[in-house]
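> Following is a predicted model, sequence given first.
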Amino acid sequence: TEEDIAYLRGRNLFCEEFLDYLRNFRFTGDIYAIPEGTPVFPKEPLVVVRAPAIEAQLIETFTLLTINHQSLIATKANRIVRAAKGRTVLEFGSRRAQGADAAIVGARAAYIGGCAGTACTISDEVYGVPAGGTMAHAWVQMFDNEYEAFKTYCQTYPTNATLLVDTYNTLKSGIPNAIKAFNEVLKPLGITKCGIRLDSGDLAYLTRKAREMLDEAGWTECKISVSNSLDEYLIQDMLLQGAQIDLFGVGEWMITAKSEPVFGGVYKLVAIEEPDGTVIPKIKVSENVEKITIPHFKKVYRLFGRDTGKAIADYITVHDETVDDTKGLTIFDPMATWKRKDVYNFEARELLVPIFKNGILRPAGGYPVGRGQALRLSPQVLCGSVRQAVGHPAVPAAHVPDEIRKKISNRTAEERRSPREKAEGTAENRAPYIRRPAAGDGGGIAVGTDRAGDRPQRPSEAAHGAGLYGIAAAGRCGGHAYLVPPRGH
């Protein structure tokens with residue numbers, strides 16, 4: 001805008017010719033990206049920008065912002081969803097997100113990573129991410145007693161009655177009053193679907209007790225949801241302890257990716273294109289080996305075994321190479337070139353697809369992207385178990401080395417019991433576990449390219465080719481955005 005031009009002129013740094021260029025700026029280059037929702041790995045070219053240098057550099061910061069933030073949240077969400085082992089996960093983090101925009105697009109990224117919905121209503125309005133929620137503690141506190149609060153809520157939302165039962169005492173008042181409200185309000189209406197939510201306490205123990213009480217009262221279809229600073233580690237632990245949970249509401253640990261809140265995606269020049277079309281590769285060297293770039297204008301193939309349908313490896317090639325998947329191939333790790341593997345009987349599929357051509361957004365290509373794509377693809381298509389892919393930090397004692405298992409086993413049964421179980425005299429033996437660091441330098445979930453303001457696709461939309469959306473990013477070393485500007489610009 002003219003206001004922007006006036007501001008830049010006031011900095012006394014730029015000539016009028018440059019300001020005129022900015023006034024009429026229009027991106028004229030090409031952008032290729034790995035579609036949103038695709039599992040990706042470090043050191044791969046997740047986005048390729050081929051444009052005059054000035055254009056490519058002007059979009060650098062916003063491109064990296066989009067890659068790093070949304071892919072970070074989608075990857076964290078996917079780890080949490082996997083840990084839940086098929087149970088519903090909702091994004092509950094808006095109140096602790098790092099800014100309003102982070103809450104809104106973070107909810108979108110979490111949805112793409114596999115969450116079923118969000119508590120952020122504006123993300124539903126803007127991006128079509130299903131929004132929902134339950135009552136607040138304040139609702140319960142505003143009534144003279146807990147039962148009246150529950151009864152009124154059931155009368156107001158009879159088909160969506162999820163009652164927060166931990167305001168005062170979960171087992172002695174919360175659940176009994178919820179059952180009473182269900183019996184008096186919902187049962188006469190023939191409604192059997194309802195829910196309770198716990199937001200504090202020993203959730204593994206309390207949900208087991210809650211399930212017993214609800215089933216004994218005949219409310220076998222009542223769903224139990226939990227929240228309270230959850231992440232994939234705690235979810236894994238609770239399930240190992242036999243927690244009876246149908247839905248997880250995950251907030252701050254997801255929306256901020258609290259365990260590792262930065263993605264190191266970078267944007268580097270890797271080639272220059274001469275006027276005659278000759279591509280000259282460029283490399284950035286460093287004393288830090290992990291910061292040395294892989295030169296040249298590149299593309300990425302994912303190799304799938306024809307016998308299993310599973311991905312074998314990703315294969316990086318120069319832009320004009322093609323892979324003959326009728327023949328065997330020897331591949332190697334670009335960071336550890338002595339690691340080699342012979343692959344055969346595979347199908348090679350290109351991952352990078354055109355998003356912009358000559359500055360024009362290409363029509364939708366029908367690639368099945370959108371909500372849950374990473375969740376749908378990764379366990380079935382990528383090799384390795386879900387545990388390996390997510391890197392859960394809690395492992396059963398049976399998988400712990402003997403010397404560590406002995407140390408864990410030295411804990412007495414009394415030490416392993418929760419305070420509540422000690423008070424009630426129950427002897428609950430829990431599976432011992434150890435913790436290991438998060439797998440933060442692995443890969444990630446690609447999020448946020450082409451139509452930065454669009455809604456993420458749902459499966460039904462994807463079938464009709466509603467569009468592509470994502471700039472991608474990878475693990476700690478980051479996905480690399482690749483720039484191929486012509487010389488002389």
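Structure received. Numbers count the residues shown, from 1 in each chain.

> Quick check: buried residues in stretch 233-249?
233-241, 243-249 (16 or more other CB atoms under 10 Å). C-beta: built from backbone N, CA, C; applies to glycine.

> distance between that stretch and the chain's centre?
Centroid separation for stretch 233-249 versus its chain: 19 Å, with CA atoms, centre = their mean, to the nearest Å.

> does the residue nearest to the spatial centre of the chain sit in a helix, a strand or a coil?
Central residue of the chain (CA atoms, centre = their mean): Ala74, 1.9 Å from the mean position. Secondary structure state of Ala74, per DSSP: H, G, I helix; E, B strand; the rest coil, is helix.

> Tell me the confidence at it?
At Ala74, the pLDDT value in this model is 89.

> Could you double-check that it sits in contact with Gly113?
Yes: the pair Ala74 and Gly113 passes the contact test of CB atoms under 8 Å, sitting 3.7 Å apart.

> Show me where the stretch 1-150 of the chain has its helices.
Assigned helices in the stretch 1-150 of the chain, in chain order: 2-10, 16-23, 53-58, 60-83, 100-112, 121-127, 137-141, 146-156 (criterion: DSSP state H, counting those that start in this stretch).

> which one of the buried residues of stretch 233-249 is nearest Ser123?
Nearest to Ser123 among the buried residues of stretch 233-249: Gly249, at 15.0 Å, using CB to CB.

> right, and the secondary structure at that closest one would be what?
Applying three-state DSSP: Gly249 is strand.

> and it, bridged to which residues?
Here Gly249 sits in beta bridges with Leu90, going by DSSP bridges.

> Tell me the spacing between it and Ile5.
Distance, Gly249 to Ile5, by CB to CB, to the nearest Å: 47 Å.

> Point out where this structure drops to low pLDDT.
363-489 (pLDDT under 70).

> so how far does stretch 327-343 reach from one end to the other?
9 Å (CA to CA, to the nearest Å).

> Equivalent analysis for stretch 214-232, please.
This stretch, stretch 214-232, spans 27 Å end to end (CA to CA).

> So which bits of it are buried?
Quick answer for stretch 214-232 (16+ other CB under 10 Å): 214, 217, 219, 222-228, 230-232.

> Just give me the neighbour total for Glu3.
7 (other CB atoms under 10 Å).

> sorry, that was for Glu146
Count around Glu146 with other CB under 10 Å applied: 23.

> just checking, it touches Asn169?
No: here Glu146 lies out of contact with Asn169, judged by CB under 8 Å, at a distance of 9.1 Å.

> Ok, which of the helices of the stretch 1-150 of the chain comes nearest Asn183?
helix 146-156 (10.0 Å).

> Mind putting the helices of the stretch 1-150 of the chain into TSV with distance to Thr256?
Putting these into TSV (distance: least, CB to CB, whole Å) gives the following:
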stretch	distance to Thr256
helix 2-10	31
helix 16-23	34
helix 53-58	29
helix 60-83	8
helix 100-112	8
helix 121-127	16
helix 137-141	23
helix 146-156	30
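
> Asp30 is nearest to which of those?
Nearest of the helices of the stretch 1-150 of the chain (CB to CB): helix 53-58, 10.2 Å.

> Next, the buried residues of the closest one.
Those would be Ala53, Glu55, Ala56, Gln57, for helix 53-58 by 16+ other CB under 10 Å.

> Quick check, the second one in contact with Gly29.
Yes: A contact is recorded between Glu55 and Gly29 when judged using CB under 8 Å, the distance being 5.5 Å.

> show me the contacts for the closest residue in space to Gln241 that isn't next to it in sequence.
Nearest non-adjacent residue to Gln241, counting by CB to CB, 6 or more residues apart in numbering: Ala204, 4.0 Å away. By CB atoms under 8 Å, 6 or more residues apart in numbering, the contact set of Ala204 is Asp237, Met238, Gln241, Gly242, Ala243, Ser418.

> would Ala204 count as being in a helix?
Yes: per three-state DSSP, Ala204 lies within a helix segment.

> how far away is it from Gln236?
From Ala204 over to Gln236 (counting by CB to CB), the distance is 11 Å.

> thinking again about what came up before, dump the buried residues of stretch 214-232 to CSV, plus secondary structure.
Below are the buried residues of stretch 214-232 laid out as CSV (three-state DSSP):
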residue, secondary structure
Leu214, helix
Ala217, coil
Trp219, coil
Cys222, coil
Lys223, strand
Ile224, strand
Ser225, strand
Val226, strand
Ser227, coil
Asn228, coil
Leu230, coil
Asp231, coil
Glu232, helix
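
> Hmm, Gln182 is touching Cys154, no?
One correction, residue 182 is Phe, not Gln. Yes: contact criterion CB under 8 Å: Phe182 and Cys154 qualify, at 6.9 Å.

> which residues are common contacts for those two?
Taking CB under 8 Å, 6+ apart as the criterion, Phe182 and Cys154 both touch Ala161, Cys194.

> Which one's more surrounded, these two?
Between Phe182 and Cys154, counted using other CB under 10 Å, Phe182 has the larger neighbour count: 25 against 22.

> any idea how far that one lies from Thr162?
According to CB to CB, Phe182 stands 11 Å off from Thr162.

> ok, now Gly174?
13 Å.

> Looking at these two, which one has more neighbours?
When Gly174 and Thr162 are compared for neighbours, Gly174 comes out ahead with 24 against 21, by other CB under 10 Å.
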